[in-house]
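*Asks:* Quick one, structure for this:
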Amino acid sequence: MISQWKVGKILNSQIFSGSTIGIIGGGQLGQMMAFSAKEMGYKVIILDPQDNCPAAQVSDGQVVAQYDDLDSLIELAKHVDVLTYEFENVDAETINEVSKYTKIPQGTKALTITQNRILEKNFLEDNNFPVVPHAVINNMQDFEEGVSAIGFPSILKTVRGGYDGKGQIRLRTTSIEGVKELIDTGECILEQTINLKKEVSVVISRNISGKTSVFPVIENIHRDNILHLSISPARISKQMSNEIHKIAEGISEKLELVGTMCVEFFVSDKNELFVNEIAPRPHNSGHLTIEACNISQFDAHIRGVCNLPMPGIEQFKPAIMVNVLGQHLKNARTEVFHHIDWHFHDYGKDEVKKNRKMGHITILTDDIEVSENEIKHNPIWNI
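*Replies:* Predicted coordinates for the structure are as follows:
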């Protein structure tokens, strides 16, 4: 049972403090959205199948239900002034139905396009944003033709779902072990692997009126296909940074973005830029904005969906974020007492699993290389 909280003030699409925000999804992204919303004076209700999920721990209420439970989503919608989501795997048709009962300013355009890697690539190509060569794969004949055109190395991905290296196979030689099994699960996409210099991302937030806040470009370093470090500002040229901001602005406009979005890029060894993926929500790489910038990506998301003014972004100091996975958590909780410069965020998840994201640490620094080297040589990240 949800308390009757839908008493907020809405004027010209601006949702005032004191109103209630519903968040679909109760993980760490929902938790940090809720922190920002509560700080701004909003009430928050979470919908998530796990009782006492991280976001519910810091919110005013929770609906315990599956993400595709239409009746529960409608019940939530009836009790909130605006509804948002923490991840992109929410059914777009369900969101359209729920929008009859409350405001969902993000709509479903960005959701629909980014849920499907082929739709996403087509959208980017149609709007002249740079992408790597790729091919649609529905069967082994498509795969053979795709490999003939794209070659090795390449990567085969499921069209829907998959994260942290799941739902994909890296193809470095003519060996096709596991390929048929992946194709048999559904439509796939084959992408050419470029000679990679860096992976970077940019977070951009936009309100209903079309005003944006764009964060500094972030450099990302992965381990075993899971984000390990994010560094801001990225160690790239000013010219490339400006180009990335320009592309992100263009994508946000074409997608009619409301709220926060992250655009991931590959930088080749020839300094070519390619858009890798779009996430229409706050992103792991943007967590460092909480301490490093005048507003965080989560503040900006709440401002966007509530149609508040969007400020220019200022970064106070260079910053590094390191993910805390399940195997790191016990030692990180102890190690934090020896590092006054660590801003440790423990998500409060009940179940600890290897490679599951359990928290993150942000370090503000005057010397990125020194701080990066200290992290590299700290043995807790090698467990």
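*Asks:* Could you use CA atoms for every contact and neighbour count after this?
*Replies:* OK.
*Asks:* how close does the residue lying closest to residue 51 once chain neighbours are set aside get to residue 47?
*Replies:* Nearest residue to residue 51, sequence neighbours excluded (CA to CA, 6 or more residues apart in numbering): residue 64, at 6.1 Å. Note on residue 64: its distance to residue 47, by CA to CA, to the nearest Å, is 6 Å.
*Asks:* Settle it for me: which of those two has more neighbours?
*Replies:* The neighbour comparison of residue 64 against residue 47 (other CA atoms under 10 Å) goes to residue 47, with 27 against 17.
*Asks:* Could you list the buried residues of the helix or strand hosting the more buried one?
*Replies:* Assigned by DSSP states H and E, residue 47 falls within strand 43-48. By neighbour count on 16 or more other CA atoms under 10 Å, the buried set for strand 43-48 is 43, 44, 45, 46, 47, 48.
*Asks:* That one pairs with which strands, parallel or anti?
*Replies:* Pairing partners of strand 43-48, with direction, according to DSSP bridges: strand 20-24 (parallel), strand 61-64 (parallel).
*Asks:* care to break this protein down by domain?
*Replies:* Following automatic domain parsing, one finds the domains of the chain at 10-104, 133-192, 196-378.
*Asks:* Between the two ends of stretch 142-156, how far is it?
*Replies:* Per CA to CA, stretch 142-156 runs 12 Å from first to last residue.
*Asks:* ditto for stretch 200-220
*Replies:* This stretch, stretch 200-220, spans 5 Å end to end (CA to CA).
*Asks:* Same check on stretch 266-273?
*Replies:* 6 Å.
*Asks:* average model confidence for that stretch?
*Replies:* In this model, stretch 266-273 has a mean pLDDT of 97.
*Asks:* Flag every buried residue along that stretch.
*Replies:* Using 16+ other CA under 10 Å as the test for burial, stretch 266-273 gives 266, 267, 268, 273.
*Asks:* Kindly report the same for stretch 339-357.
*Replies:* In stretch 339-357, residues buried by neighbour count (16+ other CA under 10 Å) are 342, 343, 344, 345, 346, 347, 348, 349, 352, 356, 357.
*Asks:* so which of those would you say is closest to residue 217?
*Replies:* Nearest to residue 217 out of the buried residues of stretch 339-357 is residue 343 (CA to CA; 20.6 Å).
*Asks:* Hmm, the closest one is touching residue 362, no?
*Replies:* Yes: with contact defined as CA atoms under 8 Å, residue 343 counts as touching residue 362 (5.1 Å).
*Asks:* and for those two, which residues touch both?
*Replies:* residue 291 (CA atoms under 8 Å, 6 or more residues apart in numbering).
*Asks:* Where does pLDDT dip in this structure?
*Replies:* 1-12, 162, 164-165, 174-175 (pLDDT under 70).
*Asks:* Have a look at it and report its longest helix.
*Replies:* Assignment by DSSP state H gives helix 238-254 as the longest helix of the chain.
*Asks:* Could you list the residues in contact with the next helix-or-strand element following that one?
*Replies:* Using DSSP H and E, the helix or strand that directly follows helix 238-254 along the chain is strand 259-268. By CA under 8 Å, 6+ apart, the residues outside strand 259-268 that reach it are 106, 194-207, 248, 252, 272-283, 297-298, 300-305.
*Asks:* Filter these down to the buried ones.
*Replies:* Here, 16+ other CA under 10 Å leaves 106, 194, 198-207, 248, 252, 273-283, 297-298, 300-305 buried among these.
*Asks:* Next, count neighbours for residue 70.
*Replies:* 15.
*Asks:* And the helices in the stretch 1-150 of the chain, which stretches?
*Replies:* Applying DSSP state H, counting those that start in this stretch to the stretch 1-150 of the chain gives helices spanning 28-39, 70-77, 92-98, 109-114, 117-126, 140-150.
*Asks:* Quick one, which of those helices gets closest to residue 323.
*Replies:* Closest to residue 323 of the helices of the stretch 1-150 of the chain is helix 28-39 (CA to CA; 12.2 Å).
*Asks:* Could I get the buried residue list for the closest one?
*Replies:* Residues of helix 28-39 classed as buried: 28, 29, 30, 31, 32, 33, 34, 35, 36, 37, 38 (neighbour count, 16+ other CA under 10 Å).
*Asks:* Tabulate these (JSON lines), appending distance to residue 262.
*Replies:* Formatted as JSON lines, these follow (distance: CA to CA, whole Å):
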{"residue": "28", "distance to residue 262": "16"}
{"residue": "29", "distance to residue 262": "13"}
{"residue": "30", "distance to residue 262": "16"}
{"residue": "31", "distance to residue 262": "18"}
{"residue": "32", "distance to residue 262": "16"}
{"residue": "33", "distance to residue 262": "15"}
{"residue": "34", "distance to residue 262": "19"}
{"residue": "35", "distance to residue 262": "20"}
{"residue": "36", "distance to residue 262": "18"}
{"residue": "37", "distance to residue 262": "20"}
{"residue": "38", "distance to residue 262": "23"}
